[in-house]
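1. Got a sequence here, can you model it:
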Amino acid sequence: NDPANKHWHNKDLYVFCYDNTGKVLCHGANRFLIGRSLATFKTVDGKLLTPLLVNAAKKEGGDWTEVYKWQDPESKQIMDKKSYVIGVPKIDGLVGVGTYLTGN
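-> Numbering: from 1, shown residues only. Reported below is the predicted structural model:
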(Lines give C-alpha, C1' and ligand atoms only; values in the text may rest on other atoms or scores of the structure.)
Protein backbone atom coordinates (compact mmCIF):
# COMPACT_ATOMS: atom_id res chain seq x y z
CA ASN A 1 0.00 0.00 0.00
CA ASP A 2 3.04 2.30 0.20
CA PRO A 3 3.89 3.94 -3.15
CA ALA A 4 7.44 4.51 -1.87
CA ASN A 5 7.99 0.73 -1.86
CA LYS A 6 9.48 0.24 -5.33
CA HIS A 7 9.16 -3.56 -5.10
CA TRP A 8 5.40 -3.16 -5.68
CA HIS A 9 5.18 0.16 -7.54
CA ASN A 10 6.63 1.35 -10.81
CA LYS A 11 5.33 4.61 -12.26
CA ASP A 12 1.62 3.95 -12.93
CA LEU A 13 1.87 0.21 -12.13
CA TYR A 14 0.73 -1.01 -8.72
CA VAL A 15 -0.79 -4.08 -7.09
CA PHE A 16 -4.38 -4.21 -5.84
CA CYS A 17 -6.29 -6.88 -3.90
CA TYR A 18 -10.05 -7.28 -3.51
CA ASP A 19 -12.15 -9.94 -1.87
CA ASN A 20 -14.89 -11.47 -4.03
CA THR A 21 -17.53 -9.17 -2.52
CA GLY A 22 -15.69 -6.05 -3.72
CA LYS A 23 -13.97 -5.05 -0.48
CA VAL A 24 -10.57 -3.51 -1.18
CA LEU A 25 -7.84 -5.33 0.78
CA CYS A 26 -4.84 -3.47 -0.66
CA HIS A 27 -4.44 -0.75 -3.25
CA GLY A 28 -1.08 0.58 -4.30
CA ALA A 29 -2.35 3.84 -5.76
CA ASN A 30 -5.03 4.88 -3.29
CA ARG A 31 -4.74 3.77 0.33
CA PHE A 32 -8.07 5.46 1.12
CA LEU A 33 -9.87 2.68 -0.78
CA ILE A 34 -8.57 0.01 1.62
CA GLY A 35 -11.40 -1.48 3.66
CA ARG A 36 -14.09 0.06 1.46
CA SER A 37 -16.57 -1.94 -0.54
CA LEU A 38 -16.67 -1.23 -4.25
CA ALA A 39 -19.42 -3.81 -4.83
CA THR A 40 -21.72 -1.25 -6.45
CA PHE A 41 -19.01 1.09 -7.77
CA LYS A 42 -19.25 1.94 -11.46
CA THR A 43 -16.33 3.10 -13.54
CA VAL A 44 -16.57 6.36 -15.48
CA ASP A 45 -17.82 4.38 -18.48
CA GLY A 46 -20.61 2.80 -16.40
CA LYS A 47 -19.14 -0.67 -15.83
CA LEU A 48 -19.50 -2.40 -12.45
CA LEU A 49 -15.88 -2.84 -11.35
CA THR A 50 -16.22 -5.82 -8.98
CA PRO A 51 -17.81 -8.26 -11.48
CA LEU A 52 -15.30 -7.16 -14.12
CA LEU A 53 -12.41 -8.16 -11.83
CA VAL A 54 -13.99 -11.23 -10.23
CA ASN A 55 -15.07 -12.77 -13.55
CA ALA A 56 -11.55 -12.48 -15.00
CA ALA A 57 -10.00 -13.84 -11.78
CA LYS A 58 -12.21 -16.94 -11.85
CA LYS A 59 -10.63 -18.17 -15.07
CA GLU A 60 -7.93 -20.82 -14.71
CA GLY A 61 -4.65 -18.97 -14.15
CA GLY A 62 -6.40 -15.61 -14.17
CA ASP A 63 -7.12 -13.39 -17.14
CA TRP A 64 -7.23 -9.86 -18.49
CA THR A 65 -10.33 -7.80 -17.80
CA GLU A 66 -12.14 -6.00 -20.55
CA VAL A 67 -11.10 -2.35 -20.99
CA TYR A 68 -12.50 0.09 -18.42
CA LYS A 69 -11.94 3.74 -17.49
CA TRP A 70 -9.79 4.52 -14.41
CA GLN A 71 -7.70 7.43 -13.16
CA ASP A 72 -4.00 7.13 -13.91
CA PRO A 73 -2.15 7.87 -10.63
CA GLU A 74 0.64 9.76 -12.41
CA SER A 75 -1.21 11.93 -14.91
CA LYS A 76 -4.50 12.09 -12.92
CA GLN A 77 -6.29 11.66 -16.26
CA ILE A 78 -9.12 9.19 -16.80
CA MET A 79 -7.74 6.61 -19.19
CA ASP A 80 -8.54 3.24 -20.68
CA LYS A 81 -7.15 0.47 -18.48
CA LYS A 82 -6.92 -3.32 -18.57
CA SER A 83 -5.97 -5.38 -15.54
CA TYR A 84 -4.62 -8.88 -15.20
CA VAL A 85 -6.17 -10.53 -12.17
CA ILE A 86 -5.77 -13.93 -10.59
CA GLY A 87 -7.94 -15.60 -8.00
CA VAL A 88 -6.46 -16.21 -4.55
CA PRO A 89 -8.53 -18.73 -2.58
CA LYS A 90 -6.73 -17.96 0.70
CA ILE A 91 -8.28 -14.47 0.74
CA ASP A 92 -11.44 -15.51 -1.12
CA GLY A 93 -10.55 -12.84 -3.60
CA LEU A 94 -8.07 -11.67 -6.19
CA VAL A 95 -4.79 -9.91 -6.80
CA GLY A 96 -4.19 -7.83 -9.87
CA VAL A 97 -2.15 -5.22 -11.65
CA GLY A 98 -3.24 -3.12 -14.58
CA THR A 99 -1.87 -1.13 -17.43
CA TYR A 100 -3.09 2.16 -18.82
CA LEU A 101 -3.58 2.12 -22.56
CA THR A 102 -2.10 4.92 -24.64
CA GLY A 103 -3.61 6.56 -27.64
CA ASN A 104 -6.78 7.77 -25.92
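2. all strands of this protein, in order?
-> Using DSSP state E, the strands of the chain run over residues 9-10, 13-19, 24-27, 63-64, 68-71, 78-88, 93-100.
3. for these, which one sits closest to residue 41?
-> Residue 41 lies closest to strand 24-27 among the strands of the chain, at 9.7 Å (C-beta to C-beta). Quick note: C-beta positions are derived from backbone N, CA and C, even for glycine.
4. what about the protein, any weak spots by pLDDT?
-> Along the chain, segments meeting pLDDT under 70 span 1-12, 103-104.
5. if we go to 80?
-> Where the chain drops to pLDDT under 80, the residues are 1-13, 103-104.
6. Could you find the closest non-adjacent residue to the residue nearest the centre of it?
-> By C-alpha atoms, centre = their mean, the chain has its centre lying nearest to residue 16, at 5.3 Å. Distances taken as C-beta to C-beta, 6 or more residues apart in numbering put residue 27 closest to residue 16, at 4.8 Å, once the chain neighbours are dropped.
7. Likewise for residue 24?
-> Of all residues not flanking residue 24 in the chain, residue 33 sits nearest, at 4.4 Å (C-beta to C-beta, 6+ apart).
8. Check residue 23 too.
-> Distances taken as C-beta to C-beta, 6+ apart place residue 37 nearest to residue 23, at 5.0 Å, with adjacent residues excluded.
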